[in-house]
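Colleague: Predicted structure and sequence below. I'll ask about it afterward.
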Amino acid sequence: MEIKVNEVIGYTGEVLTERQKKTGILIHALQKIQEEYNYLPEDVLKKLSEKLAVPLSDIYSTASFYKQFYFTPRGKNIIKVCMGTACHVRGSAKVLRSLEEEFDMKEGETTPDLSMTLETVGCIGCCGLAPVATINENIVGEMDENKVNDIIEIIKTGKDSE
Amino acid sequence: MAIEERINNIEDLKKLRELFQKELFKEDTPRVRVCCGTACTASGSYKVIDAFTNESAKRGVDLEIVKTGCQGLCQKGPVMKAEPQEIFYQKIKPENVHWLMSYTILGGMPYRQGIYRDNILSEPVPLMTDVPFYKKQMRIALRNNGRIDPHSIHHYIAVGGYAALEKALSSMTPDEVLREVDRANIRGRGGAGFPAGKKWEHCKKAPGKIKFVIANGDEGDPGAFMDRSIMEGDPHSLLEGMILCAYAIGAKYGFIYVRHEYPLAVKNLKIAIKQAEELGILGKNILGTDCNFTIDIREGAGAFVCGESTALVASIEGQRGFPKPRPPRLSEPGGGPWGYPSNLNNIETYACVPVIIEKGADYFLSIGTPGSPGTKVFALTGKVKNTGLVEVPMGITLREIIFDIGGGIIGDKEFKAVQTGGPSGGCIPAKYLDLPVDFDSLTSVGSMMGSGGMVVMDEDNCMVDVAKFFLSFCQSESCGKCPPCRMGTYQMLEILERITSGKGEDGDIENLLKIGKLVLKGSLCGLGQSAPNPVLSTMKYFMEEYEEHIYDKYCRANVCSGMGVFVINQLECFRCGLCKKACAFDAVKEARDRYFIERDYCTKCKACYYACPINAVKIRKQRHIKLEEEFRIPSESVEIIERRAKMTLKDVLESKPLEIVTTTKDCSVREAINIMSERNVGSILVIDENNKLVGIFTERDAVRCLAKNISFEKEAIQNVMSPNPITFNSSTEISAAIAVMSRKKIRHLPVMEGDKIAGMISYRDLVSYLLPEICYMAEDIY
Ligand SMILES: Cc1cc2nc3c(=O)[nH]c(=O)nc-3n(C[C@H](O)[C@H](O)[C@H](O)COP(=O)(O)O)c2cc1C
Ligand code: SF4
Ligand code: SF4
Ligand code: FES
């Protein structure tokens, strides 16, 4: 994949050394890779390391610090149950529990057929509708039993959520 | 003048504004402002907009549809305002649009169905300014949210945007701008409440030509979303605040650091930056002056600690987000990204700056309290009826926010506490409801302003669980650099985990306090320095809940598992049997006419509690008889009892005269009863010719014979005895014997040593062995 260092670093590039620029775009580059592969494959990281002349160990060190990055493939559908404060006090634990039970998995895991990854997230800024879950890009507010069942239905039938 | 052209002097911006003011938002054009904030979008505002577009095309009405940012009342979404009537509508569905057009847009009348009302019985409130949620609010930071389309710089300019920049560039020196902000005494809205003016000044004084202006939009506090709504709903006000700051301190470059969970904010900010650049409001020679300032966006990657200023800097540089010790502060050389002095403020702080410059510091100072002027945006969430974003003048009371604006507690339950300040804040109990809210008052009651999260809790929330929630958040977000934070939060969490699962011990409370203080003192950054706050503040105000969990194994909010005694209320239960199905441990038993829970099998997993459709499964406090208090038994004796329960049956036998009463299998019932009466015992052992025990005959058997009319004279004892009685070896512990006897409902226990009968122990023997005092007392009574 193509990374244009100067474009990504933006205006600030004017006052930075080449070294600083290359490290400066690292997180952005990782985000792009993850966008494309939905995780960080080792061989792609190796290429990135060569390109930016940043040691692979540094790349792993940075990537592993941030929660956004994954080193194993994730499912086709990604369900995130919000565990933020507002959602917590309105019973998000129950939502998570029913999904975990239904698919016999724990949060953070992916189904063996890669159809779904179940995750938790700390507040997506939609607290007014707590408890909230997201399925891929869509936000589902005021989760109740029916909505949980809808999600289960979507995953089980393999239908993409609209 | 063409509106897409770059503006090259300040006069042109003025002209452009006048033009937009004439063209946009005309008095008499029918208009709807539909909220397209994240929450309303999730509840379907785009479907409503489609319906409006279709409907107005169909009827040939020239309707202006403004897609605004968050209007605040997220829970009642999608919300919208119809103008010029100024009517506020909530929970609008596409099918309502037809009627909205007929009644309001064309007829000028309110459409009752969509109008806000407190509850179904109260009168609807058509005007937005009369809706209780908006009535007490005062909008500075959110002044444009809900009014304009965030994708349109024209809208922003039309409602007075960039007028402050215009004023500053045309009539104020950088020093005067700084002075004005300093005099307004605006305190940072992102955390500690440090005066922004002082920070700016510090950075301005720092040596070096290259300086950065950084906006902190990491907003990691779970339960707060005001920065998001500004970035999404009114991005230009942030840009304007940042440009003013850059002008004041002489910075050329800027960053907005946005957390990656906010894709819409990134998108809207990018659009806004591009539009501002095209108009010549950002970039080189802003509005034709020699002021230069550019803004880059940086996306976070999901680490709460990156909201901390030094960690944020590390993250901008592309490293792990580890906080660094200060000094150097960000405003000093060596502190900011790549060592350049920088000014870091929160999004909301910047958004307030244009108002201060445009209307003057005195205006700002006239709002709020002397120590904390201005307004503050709170994210009101949790168990209130109206959740959403509220902006209020500082000094308003918690009661006004929660009950007047928030509409009180859902289901009219009992208010218990409000948590402010997120994971670094604390819980405030009901007795402080009338506390005027500002930076200092919140700190004085052991909480803090933080970023303005406000989570309301009612009687169904367990305070220990809430404390555990925040602590586990900090624990998992700790970057791990300093041991007190990394390990202390872990140890505290372990203790809380134990307490909330019914395994709390004596000493837990003291340990929590001790470790908490260590973490507060020994941590490097604000995360660790405040992580124990939620625990410490709940312990301060809700100690009785901690004690109940630890000593009574009871959670009054029924939140924690492994607590209390589970019972089915027979008056409420309608015997659907769902609880029995739900129980994985077979603890719910079905009798002929009722369901009940067998305590010995119950693991307190709460499956039955959740399963019951009518809440007939109750969790009660376990009743501990305090022997000391209720029976006035001296504590030495209680210790003796505990020690004795660990002794064996042999010890019991030795404590009383040995008496084994036996008879042979062929003796008559009458004879056996005679022996029992003579020897004054309640049971007799039946042995065979080899002296082997074959059965037991007790008073209860005698009663049964009488009831069945069995002949005492003729019947042999072996036909009416209980054969093969349960026996115990003399080395069995007393506690085990008691457990089996009560489970099997037997009162007489032959004790064996090998094949030999060593003695006979009755239930009463055990009790009097353990509790001599109680027996004496009982004998006194009779
Ligand atoms: C762990 C931690 C997380 C923080 N998160 C944020 C945040 O998400 N947004 C924010 O504006 N400030 C956050 N802060 C506070 C910032 O460090 C800093 O004080 C603030 O952004 C300064 O802006 P202000 O003076 O305008 O409030 C955080 C602080 C700590 C210790
Ligand atoms: S206090 Fe905690 S989060 Fe802050 S630097 Fe230390 S370990 Fe990291
Ligand atoms: S679920 Fe409730 S109503 Fe049904 S049998 Fe159990 S206690 Fe009774
Ligand atoms: S706490 Fe769940 S969206 Fe904010």
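Modeller: Nice, I can see it. Residues are numbered from 1 along each chain as shown, chains lettered A, B, ... in the order given. Ligands and ions are numbered 1, 2, ... in the order given.
Colleague: which is the next helix or strand following the one helix or strand B:Met492 maps to?
Modeller: Element membership for B:Met492 (DSSP states H and E) is helix B:483-500. Next helix or strand after helix B:483-500 toward the C-terminus (DSSP H and E): helix B:508-522.
Colleague: That following helix relative to helix B:483-500, how many degrees between them?
Modeller: Per axes from the mean of the first three to the mean of the last three CA atoms, to 10 degrees, the angle that helix B:508-522 makes with helix B:483-500 is 160 degrees.
Colleague: List of residues touching helix B:508-522?
Modeller: B:482-485, B:488-489, B:491-492, B:495-496, B:498-499, B:528-532, B:535-536, B:539, B:543, B:546-547, B:550 (CB atoms under 8 Å, 6 or more residues apart in numbering or on different chains). In short, each C-beta sits where N, CA and C put it, glycine included.
Colleague: is the helix or strand hosting B:Leu380 anywhere near ligand 4?
Modeller: Using DSSP H and E, B:Leu380 sits within strand B:375-382. No: Strand B:375-382 is not in contact with ligand 4 by CB under 6 Å from any ligand atom; minimum separation 6.9 Å.
Colleague: Tell me the strands beside that strand, with direction?
Modeller: strand B:388-393 (antiparallel), strand B:453-458 (parallel) (DSSP bridges).
Colleague: did I read that right, B:Thr294 in a strand?
Modeller: Yes: counting by DSSP: H, G, I helix; E, B strand; the rest coil, B:Thr294 is found in a strand.
Colleague: Residues in contact with the helix holding B:Met492: which ones?
Modeller: In contact with helix B:483-500 (CB under 8 Å, 6+ apart) are residues B:462, B:464-465, B:467-468, B:471-472, B:474-475, B:478, B:480, B:504-505, B:508, B:511-512, B:515-516, B:518-519, B:521-525, B:527-528, B:531-532, B:535, B:546, B:549-550, B:555, B:560.
Colleague: The same query, at a cut-off of 7 Å, please.
Modeller: Contact with helix B:483-500 is made by B:464-465, B:467-468, B:471-472, B:474-475, B:478, B:480, B:504, B:508, B:511-512, B:515-516, B:518-519, B:522-523, B:527-528, B:531-532, B:535, B:546, B:549-550, B:560, as judged by CB atoms under 7 Å, 6 or more residues apart in numbering or on different chains.
Colleague: Quick check on the residues you listed: which are buried?
Modeller: For the contacts of helix B:483-500, a neighbour count by 16 or more other CB atoms under 10 Å in any protein chain shown gives the buried set as B:464-465, B:467-468, B:471-472, B:474-475, B:478, B:504, B:508, B:512, B:515-516, B:518-519, B:523, B:527-528, B:531-532, B:535, B:546, B:549-550, B:560.
Colleague: Show the overlap between those residues and what lies near ligand 1.
Modeller: Within those, those near ligand 1 by CB under 6 Å from any ligand atom are B:Leu527.
Colleague: Does at least one residue of the helix or strand hosting B:Thr310 sit close to ligand 2?
Modeller: Under the criterion DSSP H and E, the helix or strand holding B:Thr310 is helix B:309-316. No: judged by CB under 6 Å from any ligand atom, helix B:309-316 and ligand 2 are separated, with a smallest distance of 7.5 Å.
Colleague: By proximity to chain A, which residue of chain B wins?
Modeller: Proximity of chain B to chain A (CB to the nearest CB) peaks at B:Cys74, 2.6 Å away.
Colleague: hang on, that residue packs against B:Thr387?
Modeller: Yes: B:Cys74 is within contact range of B:Thr387, at 6.2 Å (criterion: CB atoms under 7 Å).
Colleague: Common neighbours of these two, please.
Modeller: A:Gly128.
Colleague: List the contacts of whichever residue of chain A sits closest to ligand 4.
Modeller: Proximity of chain A to ligand 4 (CB to the nearest ligand atom) peaks at A:Gly84, 2.3 Å away. By CB under 7 Å, 6+ apart, the contact list for A:Gly84 reads A:122-123, A:127, B:222-223.
Colleague: Which pLDDT value belongs to it?
Modeller: pLDDT, A:Gly84: 82.
Colleague: same thing with the one 4 residues further on?
Modeller: What the model reports as pLDDT for A:His88 is 82.
Colleague: Repeat that for the one 10 residues further on.
Modeller: At A:Ser98, the predicted lDDT confidence score is 88.
Colleague: who's in contact with it?
Modeller: Neighbours of A:Ser98 in contact, by CB under 7 Å, 6+ apart: A:Val148.
Colleague: Pull out the C-alpha coordinates of stretch B:223-238 and format them as PDB.
Modeller: Provided in PDB are the C-alpha atoms of stretch B:223-238 (Å, rounded to 0.1, in the frame of the first residue of the first chain):
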ATOM      1  CA  GLY B 223     -20.200   8.800  29.800                       C
ATOM      2  CA  ALA B 224     -19.200  12.200  28.400                       C
ATOM      3  CA  PHE B 225     -19.800  13.400  24.900                       C
ATOM      4  CA  MET B 226     -19.800  17.200  24.800                       C
ATOM      5  CA  ASP B 227     -16.600  17.500  22.900                       C
ATOM      6  CA  ARG B 228     -17.900  15.100  20.300                       C
ATOM      7  CA  SER B 229     -21.000  17.100  19.800                       C
ATOM      8  CA  ILE B 230     -19.000  20.300  19.300                       C
ATOM      9  CA  MET B 231     -16.600  18.700  16.900                       C
ATOM     10  CA  GLU B 232     -19.500  17.100  15.000                       C
ATOM     11  CA  GLY B 233     -22.100  19.900  15.300                       C
ATOM     12  CA  ASP B 234     -20.200  23.100  15.300                       C
ATOM     13  CA  PRO B 235     -16.600  22.400  14.200                       C
ATOM     14  CA  HIS B 236     -15.900  26.000  13.100                       C
ATOM     15  CA  SER B 237     -16.300  27.300  16.600                       C
ATOM     16  CA  LEU B 238     -13.400  25.100  17.600                       C
END
